[in-house]
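A.B. asks: Need a 3D model of the following:
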Amino acid sequence: MERSLAASLPVDPAEAAQLATTFAMDYLSWDEDRPTRRAEVLRRYLPESADTTLGWSGQGRQRADFACAGQVVADGFVLWIDVRVRVTPYERTEPRSAPATPNDVLPDGGRWSAAPAPTAPGWRDCAAVWMRLTVPIRRHDCGDLVVDLSTIPDPDDAEGHVP
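C.D. replies: Okay, the predicted model is just below:
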């Protein structure tokens, strides 16, 4: 595939920060009662071959409700964005039943988020926590910005990281 002219344009840090912020919120949101929603949403951010289930076991419920981008670091063709996200985990209060059929209606011009509704039958919200992600953003060959998880280096055992 040939790269488009748009793929050669520099990445605007503000545009990259916006994408990193929305990705972080969707990445840290999930709902086992609607297990496919998160994967569908993450496809918007990632290159075609990326794993859209990464970071979630398929169990539980969690909602990211606020995020803020901070430092932006350029490394070659990638911008690394530091994002802090407030996340509310949930615990189940009653046994899982068949999920209700959602009657969601997407407003014109809207896009789905992975974040579940703030309340749901059978779940109780727990204390919110802050989480921090560093999100790599680059231009795809077509010129669109994407989150490129393949640029994240493997942890180095010599630095005390556990793979």
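A.B. asks: tell me the contacts of L42?
C.D. replies: Contacts of L42 were listed using Cβ atoms under 8 Å, 6 or more residues apart in numbering, and they are F23, D26, Y27, A50, T52, A114. For every residue, glycine as well, the C-beta is placed using N, CA and C.
A.B. asks: From D26, how far out is it?
C.D. replies: As judged by Cβ to Cβ, to the nearest Å, L42 and D26 stand 6 Å apart.
A.B. asks: which neighbours do these two share?
C.D. replies: Both L42 and D26 are in contact with A114, where contact means Cβ under 8 Å, 6+ apart.
A.B. asks: Walking through the protein, point out its strands one by one.
C.D. replies: 30-31, 61-75, 78-92, 123-125, 129-139, 145-147 (DSSP state E).
A.B. asks: Let me know which of those is the nearest to P107.
C.D. replies: With Cβ to Cβ, the closest approach to P107 among the strands of the chain belongs to strand 61-75: 19.1 Å.
A.B. asks: Report the buried residues of stretch 74-88.
C.D. replies: If you call a residue buried by 16 or more other Cβ atoms under 10 Å, then stretch 74-88 has these buried ones: V78, L79, W80, I81, D82, V83, V85, R86, V87, T88.
A.B. asks: Pull the CA coordinates from that stretch and hand them back as PDB.
C.D. replies: Written as PDB, here are the backbone C-alpha positions of stretch 74-88 (Å, rounded to 0.1, in the frame of the first residue of the first chain):
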ATOM      1  CA  ALA A  74       7.800  13.300  20.200                       C
ATOM      2  CA  ASP A  75       9.900  10.200  19.300                       C
ATOM      3  CA  GLY A  76      10.400   9.900  15.600                       C
ATOM      4  CA  PHE A  77       7.100   9.500  13.900                       C
ATOM      5  CA  VAL A  78       5.200   8.900  17.200                       C
ATOM      6  CA  LEU A  79       3.800  11.300  19.700                       C
ATOM      7  CA  TRP A  80       3.600   9.800  23.200                       C
ATOM      8  CA  ILE A  81       0.700  11.400  25.200                       C
ATOM      9  CA  ASP A  82       0.500  11.100  29.000                       C
ATOM     10  CA  VAL A  83      -3.200  10.800  30.000                       C
ATOM     11  CA  ARG A  84      -4.700  10.600  33.400                       C
ATOM     12  CA  VAL A  85      -8.100   9.000  33.700                       C
ATOM     13  CA  ARG A  86     -10.700   8.900  36.500                       C
ATOM     14  CA  VAL A  87     -12.200   5.400  36.600                       C
ATOM     15  CA  THR A  88     -15.100   4.000  38.500                       C
END
